[in-house]
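Novice: what's the 3D shape of this:
(one chain, ligands or ions: 2)
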Amino acid sequence: MNFFKFLNIFHNDLAIDLGTANTVIWKNGEIVLNEPSIVAYDDKQMKLIAIGTDAKLMLGRTPKGIEIMKPMKDGVIANPQIAEAMLRSYISKLAGNFARRIIVCVPAGVTEAEKIIVRDSCEHAGAKEVHLIAEPMAGAIGLNLDVLGPQGNMIVDIGGGTTEIAVIALGGIVCNQSIKVAGNVLTDAVLQYFRDVHQLRIGENTAEDIKIQAGSAYPFKGEKDLQVNVKGNDIVNGIPKMITVSPAEIRENALSPQVQNIINAILKLLEETPPELAKDIYDRGIMLSGGGSLLRGLAKRISNATHLSVGIYKEISPLFAVVTGTGIVLDAINKNHNEYRSVLIKHSTYL
Ligand SMILES: Nc1ncnc2c1ncn2[C@@H]1O[C@H](COP(=O)(O)OP(=O)(O)OP(=O)(O)O)[C@@H](O)[C@H]1O
Ligand SMILES: [Mg+2]
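Specialist: Ligands and ions are numbered 1, 2, ... in the order given. The predicted structure is shown next:
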């Protein structure tokens with residue numbers, strides 16, 4: 001083994017999906033970290049006391065003086081200080097102080113100011129070289145779509161904060177749509193439904209559990225036999241209570257209107273897609289990624305509305321498509337497969 005190959009072993013390069021809901025990190029060909037993008041901050045000690053899963057478990061249960069903070073909003077860093085502290089902790093855990101090259105994904109419609117915040121946060125957290133990649137591009141690569149070829153591919157990445165819809169061909173995004181309706185809005189719709197219609201106040205984690213366990217976008221087999229018990233407190237007198245609802249009730253009253261917003265955005269982008277690429281999409285259909293795409297019956301509902309086939313890639317979880325694509329690009333660049341540089345948003349100033 002020559003000296004440079006030997007040094008390569010110690011490369012601490014990371015691919016990071018810094019998502020609104022989850023931060024997922026890839027290193028040396030595998031996912032090494034998957035944590036909610038949440039921290040718990042102690043006002044008195046002025047320091048972070050929990051990060052990721054530990055902080056999420058504290059949501060809605062904290063005593064005075066402890067704040068639960070989400071540094072990401074709508075796919076971008078909303079609180080740079082907290083995001084940086086979170087990233088610093090993850091980067092130093094995974095790469096010590098020697099992170100060399102980091103690729104982070106950002107929404108396709110990221111602004112210049114937002115790009116600077118992401119770059120600065122990674123650099124302050126120890127990265128020597130930072131590249132950015134658009135989330136739908138990374139997702140498409142993770143789903144094994146041929147993004148460098150001339151054929152058009154449509155990907156819909158439904159995350160926690162944003163739904164990113166893009167048509168990709170020849171290594172670039174030809175057209176895209178981004179809306180702030182995704183998993184978090186669906187969770188919120190469940191929470192609001194119980195508050196407004198059943199006078200039941202429930203916590204965010206409970207609402208998310210209900211969405212995941214009993215939520216749907218389309219009627220499903222066996223739903224008539226399923227009863228959902230929901231516990232919270234009565235908004236009138238504050239007393240803890242439990243009510244029982246059906247999955248159809250949750251779908252029709254809470255989730256459906258927001259699912260329709262996602263479908264409308266897909267229809268709008270299909271309308272804007274150039275005809276040559278529309279032809280490819282007719283043949284190939286639409287691919288879904290992101291945790292929000294796991295909502296039961298969503299692919300079927302989108303397929304019914306668009307008359308296109310809608311697929312979820314079976315090889316990897318939709319939750320990991322974006323980080324996997326980012327990792328594939330990182331590995332390709334490390335191996336000097338420079339055609340992959342065209343899929344990055346902007347070349348690092350360090351090169
Ligand atoms: N089985 C499931 N059914 C429905 N929703 C799910 C399921 N599993 C996860 N989710 C939702 O997926 C969302 C998180 O997805 P993901 O990790 O892809 O988002 P993110 O990348 O952090 O966000 P963004 O891309 O918007 O910045 C959450 O809203 C979560 O509730
Ligand atoms: Mg995402």
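Novice: Alongside ligand 1, which residues does the chain contribute?
Specialist: Residues of the chain lying close to ligand 1 by C-beta under 6 Å from any ligand atom are 17, 19-22, 75, 135, 159-162, 182-184, 187, 208, 211-212, 290-292, 294-295, 319. Placement of C-beta: from N, CA and C, glycine included.
Novice: which parts of stretch 114-134 are buried?
Specialist: 114-115, 117-119, 121-123, 125-127, 129-134 (16 or more other C-beta atoms under 10 Å).
Novice: quick one, what contacts Asn144?
Specialist: 313, 315 (C-beta atoms under 8 Å, 6 or more residues apart in numbering).
Novice: Please report the distance of it from Gly325.
Specialist: Look at Asn144 and Gly325: by C-beta to C-beta, to the nearest Å, they are 9 Å apart.
Novice: What of Met46?
Specialist: 38 Å.
Novice: With neighbour numbers in mind, choose between the two.
Specialist: Gly325 (32 against 7; other C-beta atoms under 10 Å).
Novice: hmm, which of the residues of the chain next to ligand 1 are the buried ones?
Specialist: By neighbour count, with 16+ other C-beta under 10 Å, the residues of the chain next to ligand 1 hold 17, 19-22, 75, 135, 159-162, 182-184, 187, 208, 211, 290-292, 294-295, 319 as buried.
Novice: Give me the distance between the residue in the stretch 151-300 of the chain positioned nearest to ligand 2 and Val310.
Specialist: Here the stretch 151-300 of the chain gets closest to ligand 2 at one residue, Gly159, 3.3 Å apart by C-beta to the ion. Distance of Gly159 to Val310, given as C-beta to C-beta: 17 Å.
Novice: Please tell me the pLDDT value assigned to Leu351.
Specialist: With respect to pLDDT, Leu351 scores 38.
Novice: again, but for Leu298
Specialist: 98.
Novice: Please give me every residue in contact with the residue nearest to the residue of the stretch 151-300 of the chain closest to ligand 2 when sequence neighbours are not counted.
Specialist: Computed as C-beta to C-beta, 6 or more residues apart in numbering, the closest residue to Gly159 that is not its neighbour in sequence is Gly290, at 4.4 Å. Counting by C-beta under 8 Å, 6+ apart, Gly290 touches 139, 156-159, 163, 182-183, 318-319, 321-322.
Novice: how about a cut-off of 7 Å?
Specialist: 157-159, 318 (C-beta atoms under 7 Å, 6 or more residues apart in numbering).
Novice: same check, this time on Ile212
Specialist: Contacts of Ile212 (C-beta under 7 Å, 6+ apart): none.
Novice: Now it: which helix or strand?
Specialist: helix 204-214 (DSSP states H and E).
Novice: distance of the residue of the stretch 1-150 of the chain at minimum distance from ligand 1 from Gly75?
Specialist: With C-beta to the nearest ligand atom as the measure, Gly19 is the residue of the stretch 1-150 of the chain nearest to ligand 1, at 2.2 Å. Per C-beta to C-beta, Gly19 is found 7 Å from Gly75.
Novice: same thing with Asn336?
Specialist: To Gly75, Asn336 is 30 Å away according to C-beta to C-beta.
Novice: again, but for Ala214
Specialist: 27 Å.
Novice: same thing with Ile116?
Specialist: Distance from Ile116 to Gly75, by C-beta to C-beta: 16 Å.
Novice: for Leu87, same thing?
Specialist: 15 Å.
Novice: repeat for Ile155
Specialist: Taken as C-beta to C-beta, the span from Ile155 to Gly75 is 15 Å.
Novice: pLDDT score for Ser348?
Specialist: 42.
Novice: How are the helices of the protein distributed by residue range?
Specialist: Using DSSP state H, the helices of the chain run over 3-8, 53-57, 80-95, 112-124, 135-142, 183-198, 204-214, 247-249, 256-272, 275-284, 298-306, 321-334.
Novice: Look at the closest residue to ligand 1 within the stretch 201-350 of the chain and report its pLDDT.
Specialist: Distance from ligand 1 to each residue of the stretch 201-350 of the chain (C-beta to the nearest ligand atom) is smallest for Gly291, at 2.3 Å. Note on Gly291: pLDDT of 97.
Novice: With Asp157 instead?
Specialist: 97.
Novice: wait, isn't the residue of the stretch 151-300 of the chain closest to ligand 2 in contact with Gly183?
Specialist: Yes: checked against C-beta atoms under 7 Å, the pair Gly159 and Gly183 is within contact range at 6.5 Å.
Novice: Now do the shared contacts for the two.
Specialist: 21, 291-292.
Novice: got any ranges where the stretch 251-351 of the chain has weak pLDDT?
Specialist: 346-351 (pLDDT under 70).
Novice: List, one by one, the residues from the stretch 101-250 of the chain near ligand 2.
Specialist: With C-beta under 5 Å from the ion as the criterion, the stretch 101-250 of the chain meets ligand 2 at residues Gly159.
Novice: can you list the domains in this protein?
Specialist: As assigned by automatic domain parsing, the chain contains the domains 3-37+72-139+320-346, 140-181+256-318, 183-254.
Novice: just how off-centre is stretch 289-298 within its chain?
Specialist: 11 Å (C-alpha atoms, centre = their mean, to the nearest Å).
Novice: One more: stretch 306-324?
Specialist: 13 Å.
Novice: So what would you say the end-to-end distance of that stretch is?
Specialist: Its start and end residues considered, stretch 306-324 measures 28 Å (C-alpha to C-alpha, to the nearest Å).
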